[in-house]
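J.: Sequence first, then the predicted structure, then my questions.
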Amino acid sequence: MPELPEVETVVRQLREQLVGRRVESAKVLWERTVARPSLAAFRRGIRGREISGLRRRAKYIVFELDGGEASPGGRLLVGHLRMTGRFFVGDDPEPRATRVSFRLDDGRFLAFADIRKFGRLALGPRLDALTPPLGPEPLSDDFDGEWLATALRARRRQLKPLLLDQSFLAGLGNIYVDEALHLAGLHPLRSSDRVSKPRARRLAESIQAVLRRAIELQGSSFDTFYRTPEGQPGNYQHEFQVYGRHGKPCRSCGKPLRRIVVGQRGTHYCPRCQRA
């Protein structure tokens, strides 16, 4: 499933092509893709609206229509890629696996393709009504080592599941939690309330460093599904330190990496660099 760096890459590339364009119509080819409102209300609610902004919130892509939340009568089109969703702009109204197609005022089409059909779109006036509760953004001013230290000590949960909890911290997924915990030298099963302030500050810095580097490399492509709107794979997978490398030597110490299952998620770590 695309995580924060992949979604941020999608937003940055789409923003250049879409801001200022007007949506003339929407064609829904797979009804379940539209989570809300009804199909008729969805088509009617998006027709004729200008894409005035494009941003990311957690793993969601947020299209601001006619000013979005900040404008009376504005709307938000919110998309979640799930496992295989992909947005891209082109001349073909219905490329392969398209579930929803938006005709733009310049004759091109914004397509939402999704092979496995798990992706979802929703339209409404407020973001908080279209998404579940979300924690702070790890690359925002609301997140730093002091905040993380306090938040970790206030809970008594294993680090890996807690960092995956979108209501605790928004945007992280399996790949980048594993990579950040390794960089911070923290075991994925450590109890959050046992993390010292210096360790929490280091973890916050590690999370931000991993995410910024992954965004710089346009995310991670370790299967055939994630591609940028320009059709290119990401490149961060070539810099994985632990994710997907179980049995291989740690790049830091040479110890064979291990894989365990934590909360039904494959979890990769170094037994020497990340002692229990």
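T.: Alright, I've got the coordinates.
J.: Please verify my assumption that G20 contacts E64.
T.: No - the pair G20 and E64 fails to qualify as a contact (Cβ atoms under 8 Å) at a distance of 11.7 Å. All C-beta spots, glycine's among them, are computed from the backbone N, C-alpha and C.
J.: Overlap of the contact sets of these two?
T.: Contact criterion Cβ atoms under 8 Å, 6 or more residues apart in numbering; residues bridging G20 and E64 by contacting each: 51-52.
J.: out of these two, which sits in the more crowded spot?
T.: Just comparing G20 and E64: by other Cβ atoms under 10 Å the higher neighbour count belongs to E64, 22 against 11.
J.: Tell me who's in contact with that one.
T.: When contacts are counted by Cβ under 8 Å, 6+ apart, E64 is found next to 51-55, 70, 74, 76.
J.: quick one: least confident of the residues you listed?
T.: Among the contacts of E64, A70 has the lowest pLDDT, at 90.
J.: Quick check: beta-bridge partners of the nearest residue to that one once chain neighbours are set aside?
T.: Distances taken as Cβ to Cβ, 6 or more residues apart in numbering place E64 nearest to A70, at 8.0 Å, with adjacent residues excluded. According to DSSP bridges, the partner residues bridging E64 are G53, L76.
J.: where's E64 relative to S167, distance?
T.: Computed as Cβ to Cβ, to the nearest Å, the E64 to S167 distance reads 24 Å.
J.: What of L148?
T.: Applying Cβ to Cβ, the value for L148 to S167 is 15 Å.
J.: ok, the two, which is more surrounded?
T.: L148 (26 against 10).
J.: That one touches A200, doesn't it?
T.: Yes - under the criterion of Cβ under 8 Å, L148 lies in contact with A200, with a separation of 4.8 Å.
J.: about what we covered before: what about the contacts of E64, which one has the most neighbours?
T.: The member of the contacts of E64 that has the most neighbours, counting by other Cβ under 10 Å, is I51 with 25 neighbours.
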